[in-house]
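# sequence unavailable; structure follows:
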């Protein structure tokens with residue numbers, strides 16, 4: 001199912017698309033007529049079965065926002081790759097583009113079933129809101145895509161009292177915190193004036209407001225801002241490799257649907273994702289992906305140069321099974337707790353726990369809210385999807 005289509009799409013054959021149940025009822029009456037031939041009866045029976053299957057097809061929605069590692073969802077949808085895998089598993093998948101923060105809100109509100117988000121947001125938004133969440137795809141980590149930019153030669157030590165634009169309560173705030181902490185300026189963080197700004201507006205807002213001394217954002221906005229004279233990068237995510245992970249997550253209740261459709265949804269996402277990534281070696285495909293963020297081929301390739309993509313399922317599995325994942329997530333989890341992002345009533349960092357693929361848990365075992373599941377990537381690596 002393509003973005004923009006509804007769960008029960010209309011068509012030129014309006015009555016079938018609008019009301020499968022009504023058409024089925026009318027055909028049942030027709031079948032009961034004594035003059036219907038055997039061949040006609042068999043044909044109509046098969047048609048009824050097809051209509052019934054269409055009416056009952058499980059439907060899911062995955063949300064994404066503009067970022068080098070997530071824009072492939074645009075092409076997966078447009079090129080029919082996602083539809084092919086959805087058809088294989090007898091489901092339909094709608095792809096919906098959002099600004100980043102609204103995509104998180106839609107996921108927490110259970111308006112979408114899966115979402116592209118970072119490891120930090122997976123922990124401090126759905127998990128902290130009591131929405132158990134499962135990581136089914138580890139797509140990449142930011143290796144320079146996220147950056148802290150400043151005007152007029154300012155240094156980190158000069159930012160106290162200055163205005164800084166960013167999308168608050170996201171990895172942008174995490175990057176800023178890590179930059180200050182690593183450089184011995186943690187006590188100065190509270191003196192910086194943070195201004196919450198939408199990712200879709202942040203480049204224009206910063207370039208148009210010379211009173212804003214600094215900005216934290218990600219590419220392509222970083223590249224756009226750096227084209228202006230007098231602006232420089234002070235810190236970027238390549239200095240904290242593996243800490244800002246880009247994931248596809250599914251609500252755990254969706255994944256565990258009794259009818260098994262949630263498992264099929266995750267398998268279809270994994271199959272389509274790694275088929276897409278296997279094609280990302282030609283300029284033609286990369287240019288088609290870049291359309292999703294209204295980028296040029298050159299711009300998108302530049303973004304990919306600072307994105308550590310896990311192009312093969314085995315490379316994603318290896319990272320997900322590494323001790324380094326736990327170490328990075330421990331830093332992120334502590335940051336979320338220190339900044340009150342795990343919920344107002346959370347008294348301990350352990351109150352929002354994480355379960356890893358080896359069964360180990362960071363936090364209280366009865367408070368697991370974020371799960372890392374390598375099964376679907378493993379099946380892709382083994383050719384079992």
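Perfect, thanks for sending it. Remember, predicted model here, so these are calculated numbers, not experimental data.
# care to break this protein down by domain?
Per automatic domain parsing, the domain ranges recorded for the chain read 14-55, 59-143+243-381, 147-236.
# buried deepest among these, which one?
Mean neighbour count (mean count of other CB atoms under 10 Å) peaks for domain 59-143+243-381 among those, with a mean of 20. Using the backbone N, CA and C atoms, a C-beta is placed for each residue, glycine as well.
# what's the average pLDDT for that one?
The average pLDDT for domain 59-143+243-381 rounds to 96.
# try stretch 146-161
The model assigns stretch 146-161 a mean pLDDT of 96.
# ranges for the strands of the stretch 151-300 of the chain?
Secondary structure of the stretch 151-300 of the chain, counting by DSSP state E, counting those that start in this stretch: strands at 163-166, 193-196, 212-218, 231-236, 245-251.
# could you list every helix and strand in contact with the last one?
So that's strand 245-251. Using 3 or more CB pairs under 8 Å, 6 or more residues apart in numbering; DSSP states H and E, the elements in contact with strand 245-251 are strand 114-118, helix 119-122, strand 133-142, helix 261-278.
# which strands and helices sit next to the second one?
It stands for helix 119-122. strand 133-142, helix 171-182, strand 245-251, helix 323-338.
# at 10 Å instead, please
The contact analysis (3 or more CB pairs under 10 Å, 6 or more residues apart in numbering; DSSP states H and E) places helix 119-122 against helix 100-108, strand 133-142, helix 171-182, strand 245-251, helix 323-338, strand 368-372.
# with distance to residue 125 added, can I get those in JSON lines?
Putting the helices and strands packed on helix 119-122 into JSON lines (distance: least, CB to CB, whole Å) gives the following:
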{"stretch": "helix 100-108", "distance to residue 125": "5"}
{"stretch": "strand 133-142", "distance to residue 125": "9"}
{"stretch": "helix 171-182", "distance to residue 125": "12"}
{"stretch": "strand 245-251", "distance to residue 125": "10"}
{"stretch": "helix 323-338", "distance to residue 125": "10"}
{"stretch": "strand 368-372", "distance to residue 125": "10"}
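# out of those, which gets nearest to residue 217?
Distance to residue 217, taken as CB to CB, is lowest for helix 171-182 among those, at 6.3 Å.
# end to end, how far does stretch 337-344 reach?
10 Å (CA to CA, to the nearest Å).
# could you find the residue nearest the spatial middle of the protein?
By CA atoms, centre = their mean, the chain has its centre lying nearest to residue 116, at 0.1 Å.
# give the bridge partners for it, please.
Beta-bridge partners recorded for residue 116 (DSSP bridges): residue 248.
# surely it meets residue 76?
No - Residue 116 lies out of contact with residue 76 (CB atoms under 10 Å); the separation is 11.4 Å.
# common neighbours of the two, please.
Residues touching both residue 116 and residue 76 (CB atoms under 10 Å, 6 or more residues apart in numbering): 62, 64.
# so what's the residue lying closest to residue 247 once chain neighbours are set aside up against?
The spatially closest residue to residue 247, leaving aside those adjacent along the chain, is residue 135, at 5.0 Å (CB to CB, 6 or more residues apart in numbering). When contacts are counted by CB under 10 Å, 6+ apart, residue 135 is found next to 117, 119, 122, 245, 247-250, 320, 354, 357, 370-374, 376-377.
# past the helix or strand hosting residue 63, which element shows up next along the chain?
Applying DSSP states H and E as the criterion places residue 63 in strand 59-64. Remark: after strand 59-64, the chain's next helix or strand is helix 72-78, criterion DSSP H and E.
# quick one: contacts of that next one?
1-4, 62-66, 81-85, 93-97, 116, 139, 248, 269, 272-273, 275-277, 279-280, 285-293, 309.
# can you rerun that using 6 Å?
3, 64, 82, 95, 272, 276, 288, 289, 292 (CB atoms under 6 Å, 6 or more residues apart in numbering).
# how about CSV for the residues you listed, with distance to residue 56 added?
CSV is the format used below for the contacts of helix 72-78 (distance: CB to CB, whole Å):
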residue, distance to residue 56
3, 22
64, 27
82, 20
95, 22
272, 22
276, 28
288, 34
289, 34
292, 32
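# part of a helix, is residue 96?
No - looking at residue 96 with DSSP: H, G, I helix; E, B strand; the rest coil, it is strand, so not inside a helix.
# any idea how far it lies from residue 112?
6 Å (CB to CB, to the nearest Å).
# list the residues that contact both of the two?
61, 63.
# list the contacts of the closest residue in space to residue 212 that isn't next to it in sequence.
Counting by CB to CB, 6+ apart, residue 212 lies nearest to residue 163, which is 4.7 Å off, once chain neighbours are set aside. Applying CB under 6 Å, 6+ apart, we find residue 163 in contact with 193, 195, 211, 212, 213.
# can you put the residues you listed in TSV and add pLDDT and distance to residue 173?
Shown next, in TSV, are the contacts of residue 163 (pLDDT from 0 to 100; distance: CB to CB, whole Å):
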residue	pLDDT	distance to residue 173
193	97	13
195	97	12
211	96	20
212	97	16
213	97	16
